[in-house]
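Colleague: structure of the sequence below:
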Amino acid sequence: MAQISLRIEDEVKKKAEEACADIGLSLSSAINIYLKKLGREKRIPFEVSVDPFYSEENMSRLRKSVVQMEATESTVHEMNFDD
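Modeller: Have a look, this model is predicted:
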């Protein structure tokens with residue numbers, strides 16, 4: 001039996017383990033299911049898409065905002081919308 005070693009963020013692992021526990025699987029079993037399906041179907045078994053934040057339209061808008069801020073010597077203020 002082969003062994004795979006990988007690094008993931010602690011929070012990602014924690015949430016994945018919780019989700020697996022909720023459906024009665026170990027994380028190892030869930031990863032095995034994924035790898036078997038990947039090997040059988042020769043594709044990622046779920047939709048993979050690009051984060052819309054990095055779209056050309058958004059990046060262009062961000063570049064324009066940066067130019068405007070630099071020209072007016074403005075500053076950025078972080079806002080918290082969770083409250």
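Colleague: do me a favour and get the end-to-end distance for stretch 49-58?
Modeller: End-to-end distance of stretch 49-58 (C-alpha to C-alpha, to the nearest Å): 16 Å.
Colleague: in the protein, where is pLDDT below threshold?
Modeller: 83 (pLDDT under 70).
Colleague: which residue of it sits farthest from its center?
Modeller: Farthest-out residue of the chain from its mean C-alpha position, per C-alpha atoms, centre = their mean: residue 72, at 34.5 Å.
Colleague: hmm, who's touching stretch 71-83?
Modeller: The set of residues external to stretch 71-83 that reach it, using C-beta atoms under 8 Å, 6 or more residues apart in numbering, is 68-69. Where C-beta positions appear, they are placed from N, C-alpha and C, glycine not excepted.
Colleague: quick one: that stretch to chain centroid distance?
Modeller: 24 Å (C-alpha atoms, centre = their mean, to the nearest Å).
Colleague: do stretch 15-23 as well
Modeller: 17 Å.
Colleague: what sits up against it?
Modeller: 26-27, 29-30.
Colleague: so how far is residue 30 from residue 24?
Modeller: Applying C-beta to C-beta, to the nearest Å, the value for residue 24 to residue 30 is 10 Å.
Colleague: more neighbours: which of these two?
Modeller: Taking other C-beta atoms under 10 Å, residue 24 and residue 30 do not tie; residue 30 has more neighbours (15 against 7).
Colleague: got the contact list for the more buried one?
Modeller: Neighbours of residue 30 in contact, by C-beta under 8 Å, 6+ apart: 16, 20.
Colleague: keep only those of the contacts of stretch 15-23 that are in helices.
Modeller: Using DSSP state H, 27, 29-30 are the members of the contacts of stretch 15-23 that sit in helices.
Colleague: possible to save the residues you listed as TSV with distance to residue 68?
Modeller: Shown next, in TSV, are these (distance: C-beta to C-beta, whole Å):
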residue	distance to residue 68
27	47
29	52
30	47
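Colleague: ok, the residues you listed vs residue 5, which is closest?
Modeller: residue 27 (13.8 Å; C-beta to C-beta).
Colleague: ok, now which ones touch that closest one?
Modeller: 13, 16-17, 20.
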